[in-house]
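J.: give the three-dimensional model of this entry:
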Amino acid sequence: MSLKESPETKQMESYYSSRAPEYDDVYLKPERQPDLRAIEQWLAPAFANATVLEVACGTGYWTQFIAAAAERLVGVDASPETMEIARSRVPAAKARFVVGDAYRLSPDLGRFDAAFAGFWFSHVPKSRRREFLGNLAALLHPGAKVVLLDNLYVEGSSSPIDETDADGNTFQLRRLKDGSTHRVLKNFPAEAELRASIAGFGERATLTTWQHYWAFGYVATGP
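T.: The predicted structure follows:
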């Protein structure tokens, strides 16, 4: 995960670095297994033979499925700790991993005909959604396919919302196995918000939902 250097940025990066060894525990929740198996099968064909930029690749849980179908993949994340796990999952011939900032994606990464961000958009403050998507658009060829995958809020499965700020961003308190507690920004955008956020950057948007997750896909029109 990646944010610019603000107090919330540092909190988020500290949280995900600390959480790296237990990050994938979230994929073990019994009630989510049918959705996860369905998404694993649904996701890979969307990136068949594509050059893919994955933003906030984390531990590479989703990278492993995408890279198997893609021509090549570049994964970017701010946490070296999670990226080490990602490297262990995906052959070096299929993916390259780069430490970087999701809001300042380097032109040196290249240009891509597809992009993916899993469980990242929910951590983007509402005021920075357009900034993130605009910077992403600058690295995409017109016509590139973009998929954002994230959580729906499901009572009893999702962590409760602990706080809402003046801009409508919501926050959760999460406890790690070491006993530390972290305040984490976690938004649950409505479809109208998603569609508004890509204005000028994408078209032909579609929203796919499962019981616990959503995927928002669109075709890039350029920066």
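J.: which strand or helix spans L36?
T.: Taking DSSP states H and E as the definition, L36 sits inside helix 33-43.
J.: wait, G143 sits on F112?
T.: No. Between G143 and F112 there is no contact under CB atoms under 8 Å: 11.2 Å. Quick note: C-beta positions are derived from backbone N, CA and C, even for glycine.
J.: neighbour count winner among those two?
T.: Using other CB atoms under 10 Å as the criterion, G143 and F112 rank with F112 on top: 24 against 12.
J.: skipping adjacent residues, who's closest to that one in space?
T.: The shortest distance from F112 to any non-neighbouring residue, by CB to CB, 6 or more residues apart in numbering, is to L53 (4.3 Å).
J.: what number of residues lie near that neighbour?
T.: Using other CB under 10 Å: L53 sits among 26 other residues.
J.: now swap in the one 5 residues further on and tell me
T.: Counted with other CB under 10 Å, the neighbours of G58 add up to 26.
J.: surely it forms part of a helix?
T.: No. G58: not assigned to a helix; according to DSSP: H, G, I helix; E, B strand; the rest coil it is coil.
J.: that one against S79, yeah?
T.: Yes. G58 is within contact range of S79, at 7.4 Å (criterion: CB under 8 Å).
J.: could you pull out the strands in the protein for me?
T.: Ranges of strands in the chain, per DSSP state E, are 51-55, 72-77, 95-99, 112-118, 140-151, 163-164, 170-175, 181-185, 202-209, 213-220.
J.: ok so, going back, is the residue nearest to F112 in a bridge, and if so with what?
T.: Taking DSSP bridges as the rule, L53 bridges to V74, A115.
J.: mind putting the strands of the chain into TSV with distance to R195 and mean pLDDT?
T.: Shown next, in TSV, are those (distance: least, CB to CB, whole Å; pLDDT from 0 to 100):
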stretch	distance to R195	mean pLDDT
strand 51-55	20	98
strand 72-77	25	97
strand 95-99	30	96
strand 112-118	16	98
strand 140-151	12	97
strand 163-164	22	96
strand 170-175	20	90
strand 181-185	21	87
strand 202-209	6	98
strand 213-220	8	98
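J.: redo the ones you listed as JSON lines? Include distance to I39.
T.: Listed next are the strands of the chain as JSON lines, based on distance: least, CB to CB, whole Å:
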{"stretch": "strand 51-55", "distance to I39": "15"}
{"stretch": "strand 72-77", "distance to I39": "17"}
{"stretch": "strand 95-99", "distance to I39": "19"}
{"stretch": "strand 112-118", "distance to I39": "9"}
{"stretch": "strand 140-151", "distance to I39": "7"}
{"stretch": "strand 163-164", "distance to I39": "28"}
{"stretch": "strand 170-175", "distance to I39": "22"}
{"stretch": "strand 181-185", "distance to I39": "22"}
{"stretch": "strand 202-209", "distance to I39": "9"}
{"stretch": "strand 213-220", "distance to I39": "6"}
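J.: re the thing from before, now do the buried residues in the helix holding L36.
T.: Residues of helix 33-43 classed as buried by neighbour count (16 or more other CB atoms under 10 Å): D35, L36, I39, L43.
J.: quick one: pLDDT of the third one?
T.: At I39, the model reports a pLDDT of 97.
J.: try P223
T.: As predicted, P223 sits at a pLDDT of 61.
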